[in-house]
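1. my questions are about this predicted structure, shown below with the sequence.
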Amino acid sequence: MTVHSADARTGRGSADDRAGDRAGKRERILDAAEKVFAERGFFAAKVADVAREAGVADGTIYLYFKNKDDLLVSLFEARMEVVNRVLSEAVATATAPRAQLTAFVRAYLALIAEQPTAAEVLTIELRQSTKFMREYHAHGFGELLRLLAGVIARGQACGELSTTVPATHAARMIFGVLDELALAWLLGRGVRTRGKKQPPAGDDKKFDMVQAADWVGALITSGLERRSDP
């Protein structure tokens, strides 16, 4: 009797199959949490709402996550993993630091425009969780800042960018600009008007994110440009 025939008779798959099923169910729960948190708000949402959206029993959630806060943290890290991968790939497409900065900005704002539901959770809902803001060390966000600071540091080292502002501080400043722009765009789309009439199709953007990315890129690269001494 082969292993596969034994699995068929006992109704049990291989360890890899079970691990794959578990990973798939966990991802389904995260997808459901993203949708529920964006639609209802983190505080108003219940674990039962997430379970219903994911198509699982309420108790199943607790097999993967400790509580709703843990679900939010896990969702953040999972989405930041994707964000950091996209940003790293974008930076790798350019050679000079100024071009890498522009690529970073464009890729980040493009992600906001393409995935507004995830963006709302990362940009708005996390701010509503005092526990998250005070107690959680956001490793994924730290990786994003290190990537950005690395680009700036290389530009400073080769003399292309000014050394007036330390790279780590400049990275936080730049992200602050991007974060505020993303917040304004999301609010302009009416993402917080839960239960109310949504803007008509084609009229849901306060401004063009692609054009805004070019504006921000120009502003940042010009501001960090190294200038000759008087």
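-> Arrived safely. Computed from a prediction, not measured in an experiment: that's the story for all the values here.
2. show me where pLDDT drops low in the chain?
-> Confidence mapping of the chain against pLDDT under 70 gives the ranges 1-20, 127-137, 190-206, 227-230.
3. change it to 50
-> Within the chain, the segments meeting pLDDT under 50 span 1-10, 192-205, 229-230.
4. what about the helices in it?
-> All helices of the chain, identified by DSSP state H, fall at 3-10, 15-40, 47-54, 58-64, 68-92, 97-114, 116-123, 130-135, 139-157, 167-188, 209-224.
5. now the ones you listed as TSV including mean neighbour count?
-> Every residue, glycine included, has its C-beta placed from N, CA and C. What follows is the helices of the chain, written out as TSV (neighbours: other Cβ atoms under 10 Å):
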stretch	mean neighbour count
helix 3-10	10
helix 15-40	16
helix 47-54	18
helix 58-64	15
helix 68-92	17
helix 97-114	20
helix 116-123	21
helix 130-135	10
helix 139-157	18
helix 167-188	17
helix 209-224	16
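6. domain ranges for this structure, per the record?
-> With domains defined by automatic domain parsing, the chain comprises 1-65, 67-230.
7. tell me who's in contact with the residue nearest to A96 when sequence neighbours are not counted.
-> The shortest distance from A96 to any non-neighbouring residue, by Cβ to Cβ, 6 or more residues apart in numbering, is to E160 (6.7 Å). Neighbouring residues of E160 by Cβ atoms under 8 Å, 6 or more residues apart in numbering: A96, P97, R98, E225, R226.
8. what separation do you get for E160 and R98?
-> For E160, the distance to R98 equals 6 Å [Cβ to Cβ, to the nearest Å].
9. so what sits against both of the two?
-> Common neighbours of E160 and R98 (Cβ under 8 Å, 6+ apart) are E225.
10. and D31, how far is that from L148?
-> Applying Cβ to Cβ to D31 and L148 gives a distance of 28 Å.
11. got phi/psi on Q115?
-> phi -130, psi 70 (degrees, to the nearest 10).
12. so A113 sits against D208, correct?
-> No. A113 sits out of contact with D208 when judged by Cβ atoms under 8 Å, with a separation of 9.0 Å.
13. ok, for A113, nearest residue in space, not its chain neighbours?
-> Nearest residue to A113, sequence neighbours excluded (Cβ to Cβ, 6+ apart): M209, at 4.2 Å.
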